[in-house]
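A.B. asks: Have a look; sequence and predicted model below, questions after that.
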Amino acid sequence: MCGIFGIYGHPQASLITYYGLYALQHRGQESTGIVSCERDDLTGRTRFNYHKGIGLVADVFKDEKIINEHLKGDSAIGHNRYSTTGALNKSNIQPFVVHYKNGNLAIAHNGNLTNTRTLRNKLQSEGTIFQSSTDTEIILHLIAKSQKEDQIEQIKDALSQVEGAYSLVILTDDKLIAVRDPYGFRPLALGIMPDGAYVIASETCAFDLINAKYIRDVLPGEILVIDDETIATGKLKSYWIDKKVERQAFCIFEFIYFSRPDSKIFGENVDKVRRKLGKLLAHEHPAPQSTENDKVIVINVPDSSNTATLGFVTESNKLGNNVKIEIGLIRSHYVGRTFIQPQQNMRELKVKVKFNTVKGVLENKRVVIVDDSIVRGTTSKALVKLIKESGAREVHFRVASPPIKFPCYYGMDFPKQEELIASRLNGDVEAIRQELGVESLGYLSVEKLLESAPKNLSFCTACFTGNYPTPIDEKPEKYEHEMHIKDATERFD
């Protein structure tokens with residue numbers, strides 16, 4: 001779920017990258033880094049400068065000298081990390097930088113490879129020494145070990161060997177390269193700034209901040225090359241990964257939760273899709289009927305369910321069920337992600353730190369909570385308890401996605417299957433309702449979920465259906481000290 005950004009042809013490339021990463025902070029909060037390419041016009045020599053650290057963008061780059069004096073150059077790439085493979089430590093912070101036979105190379109990766117173990121074992125048996133525990137380093141080694149002479153052919157050779165999800169920005173001595181896997185799991189967009197510099201970002205919300213114009217998405221399987229000739233002529237160079245896939249598999253969860261509502265991904269506005277999710281949810285699982293003297297109120301779980309809640313309320317009223325939207329939960333924006341705490345006994349306290357109820361709104365009311373998803377269920381259960389303790393007479397739960405029954409191997413760090421509440425309770429909605437302690441519970445169906453998304457695209461729904469579009473290696477070993485058990489109701493947006 002990481003955020004990646006790249007720019008080519010701007011005298012303040014690292015500053016623009018900083019702003020781009022700032023806009024993409026929701027895609028990863030564990031660490032961040034920027035690599036810039038500084039070229040000497042007289043000698044023709046290049047130098048890669050980099051700065052990386054654990055923490056948020058504003059904290060890691062709080063010293064202005066880092067951007068203004070150290071990270072010089074007219075091209076740069078950046079990365080916000082959300083770990084799926086590899087622990088949170090300094091050796092795993094991206095972008096990664098190497099110097100190999102064809103010069104300098106830096107890479108930033110969003111996604112997750114599914115044949116990591118096989119490739120890592122093969123490379124280690126051939127003598128490769130790894131400096132990190134991430135799957136991204138595998139791509140670097142495959143490029144460096146390729147027998148191809150041309151750099152683009154080396155990249156094609158490397159990517160023909162990997163499986164799974166990868167959106168990449170690669171910086172070389174004279175090029176910015178953007179790559180998207182043939183399935184198209186993760187979004188990746190191309191834009192241009194008013195001065196002609198080209199930018200690449202995980203989401204278009206990064207373009208809005210830097211006043212860049214969206215051109216198009218990087219296509220599934222495309223290797224898009226931007227260099228000096230591109231800046232001079234406006235001509236983009238495209239190459240293609242030598243791998244055929246049965247179908248594309250855009251991640252549907254990007255629309256449900258992860259992307260910002262003001263972004264455009266996979267050619268569609270996120271806000272538009274989320275509103276439709278809420279509208280179709282109102283059809284499949286209406287709110288309890290309001291009466292003149294006993295109106296049902298609908299509240300969202302801030303912030304990721306805001307848009308779906310608006311759609312749910314709008315459609316409910318159109319259907320004749322006169323519900324009222326209210327702000328019943330207040331979220332503190334100054335506390336980190338509660339799922340970073342692995343201790344179960346701390347999770348309920350963390351939920352109370354992050355969310356507080358508006359008792360005057362909830363007292364003696366019939367309340368419908370709308371959320372985008374339920375993963376582990378711990379936070380949802382704690383929120384229901386908070387709302388009932390605030391005096392709600394009834395609590396009903398509506399979920400703008402189907403039950404999550406299967407882990408994701410493509411970059412969403414869902415827990416082990418046995419920790420997913422829908423899997424643990426065998427998909428029994430009534431059993432989930434009882435565990436959450438609500439009067440009713442309704443999930444959006446897979447059919448209605450797909451109806452909400454663009455009809456011309458093929459989506460990955462593996463976390464709901466178990467239908468994985470790629471071969472999956474033997475389940476990757478995840479050491480307990482490396483795991484971050486995440487619940488999708490716990491947000492840092």
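C.D. replies: Okay, I see it. A quick note: this is a predicted structure, and the numbers were derived from the prediction, not measured.
A.B. asks: where does the nearest residue to S332 once chain neighbours are set aside fall, phi/psi-wise?
C.D. replies: Using CB to CB, 6 or more residues apart in numbering and skipping residues adjacent in sequence, the residue nearest S332 is K354, 5.6 Å away. Bear in mind the C-beta positions are built from the backbone N, C-alpha and C, glycine included. In terms of degrees, to the nearest 10, the main-chain angles of K354 are phi -80, psi -40.
A.B. asks: One more: H109?
C.D. replies: The phi/psi pair for H109 (degrees, to the nearest 10) reads phi -130, psi 130.
A.B. asks: contacting residues around it?
C.D. replies: By CB atoms under 8 Å, 6 or more residues apart in numbering, H109 lies in contact with C2, I4, H79, Q94, T134, D135, T136, I139, Y166, S167, L168.
A.B. asks: let's see it at 7 Å
C.D. replies: H109 makes contacts with C2, Q94, T136, I139, Y166, L168, as judged by CB atoms under 7 Å, 6 or more residues apart in numbering.
A.B. asks: pretty sure the fourth one is in a helix, no?
C.D. replies: So that's I139. Yes - counting by DSSP: H, G, I helix; E, B strand; the rest coil, I139 falls inside a helix.
A.B. asks: Number of residues surrounding it?
C.D. replies: By the measure other CB atoms under 10 Å, the count of residues near I139 is 24.
A.B. asks: wait, isn't it in contact with A158?
C.D. replies: Yes - contact criterion CB atoms under 7 Å: I139 and A158 qualify, at 5.8 Å.
A.B. asks: Show me the domain layout of the chain.
C.D. replies: What automatic domain parsing lists as the domains of the chain is 3-245, 269-458.
A.B. asks: now the end-to-end length of the last one.
C.D. replies: Here the two ends of domain 269-458 are set 16 Å apart, with distance taken as CA to CA, to the nearest Å.
A.B. asks: So for it, mean pLDDT?
C.D. replies: The average pLDDT within domain 269-458 is 91.
A.B. asks: before we move on, the earlier item: is the residue nearest to S332 in contact with R331, as I believe?
C.D. replies: Yes - applying CB under 7 Å, one finds K354 in contact with R331, separated by 6.2 Å.
A.B. asks: the more surrounded of these two?
C.D. replies: When neighbours are counted by other CB under 10 Å, K354 comes out ahead of the other of K354 and R331, with 24 against 15.
A.B. asks: quick check, nearest of the contacts of H109 to P469?
C.D. replies: When the contacts of H109 are compared for distance to P469 (CB to CB), Y166 comes out closest, at 14.0 Å.
A.B. asks: tell me the two of the contacts of H109 that are most distant?
C.D. replies: The widest separation within the contacts of H109 (CB to CB) is 13.8 Å, between C2 and I139.
A.B. asks: What is the burial count for H333?
C.D. replies: Using other CB under 10 Å: H333 sits among 10 other residues.
A.B. asks: go on, R260?
C.D. replies: Applying other CB under 10 Å, we find 21 residues neighbouring R260.
A.B. asks: That one: what's it in contact with?
C.D. replies: By CB under 7 Å, 6+ apart, the residues touching R260 are H26, E203, C205, V270.
A.B. asks: Also F406?
C.D. replies: F406 touches Q417, A462, C463, G466, counting by CB under 7 Å, 6+ apart.
A.B. asks: Name the nearest residue to the second one, sequence neighbours excluded.
C.D. replies: If I follow you right, that is A462. Nearest residue to A462 in three dimensions, chain neighbours excluded: Y468, at 4.6 Å (CB to CB, 6+ apart).
A.B. asks: Now do the one you found against L219, distance only.
C.D. replies: Separation of Y468 from L219 (CB to CB, to the nearest Å): 22 Å.
A.B. asks: And the contacts of F406, which of them are buried?
C.D. replies: A462, C463 (16 or more other CB atoms under 10 Å).
A.B. asks: so which of the contacts of F406 would you say is closest to R180?
C.D. replies: For these, the nearest to R180 is A462 (18.4 Å; CB to CB).
A.B. asks: Quick one: list the elements packing against the helix or strand that contains V97.
C.D. replies: Assigned by DSSP states H and E, V97 belongs to strand 96-100. In terms of contact count using 3 or more CB pairs under 7 Å, 6 or more residues apart in numbering; DSSP states H and E, strand 96-100 is assigned the packing partners strand 103-113, helix 136-145.
A.B. asks: correct me, but F397 touches I369?
C.D. replies: Yes - F397 sits in contact with I369 when judged by CB under 7 Å, with a separation of 5.1 Å.
A.B. asks: And the residue lying farthest from the centre of the chain, how close does it get to I299?
C.D. replies: Here the centre of the chain is the reference, and by CA atoms, centre = their mean the most remote residue is N293, at 43.2 Å. Distance of N293 to I299, computed by CB to CB: 20 Å.
A.B. asks: Please name the nearest non-neighbouring residue to R117.
C.D. replies: Excluding its sequence neighbours, the residue lying closest to R117 (CB to CB, 6+ apart) is D473, at 5.1 Å.
A.B. asks: What residues does the one you found make contact with?
C.D. replies: Contacts of D473 by CB under 7 Å, 6+ apart are T114, N115, T116, R117, T118.
A.B. asks: list the contacts for the first one?
C.D. replies: Okay, so that is T114. With contact set as CB under 7 Å, 6+ apart, T114 has these partners: E163, G164, Y409, T470, P471, I472, D473.
A.B. asks: and what of the second one?
C.D. replies: Taking CB under 7 Å, 6+ apart, we find N115 in contact with V162, E163, G164, D473.
A.B. asks: do the same with the last one
C.D. replies: By CB under 7 Å, 6+ apart, the residues touching T118 are D473.
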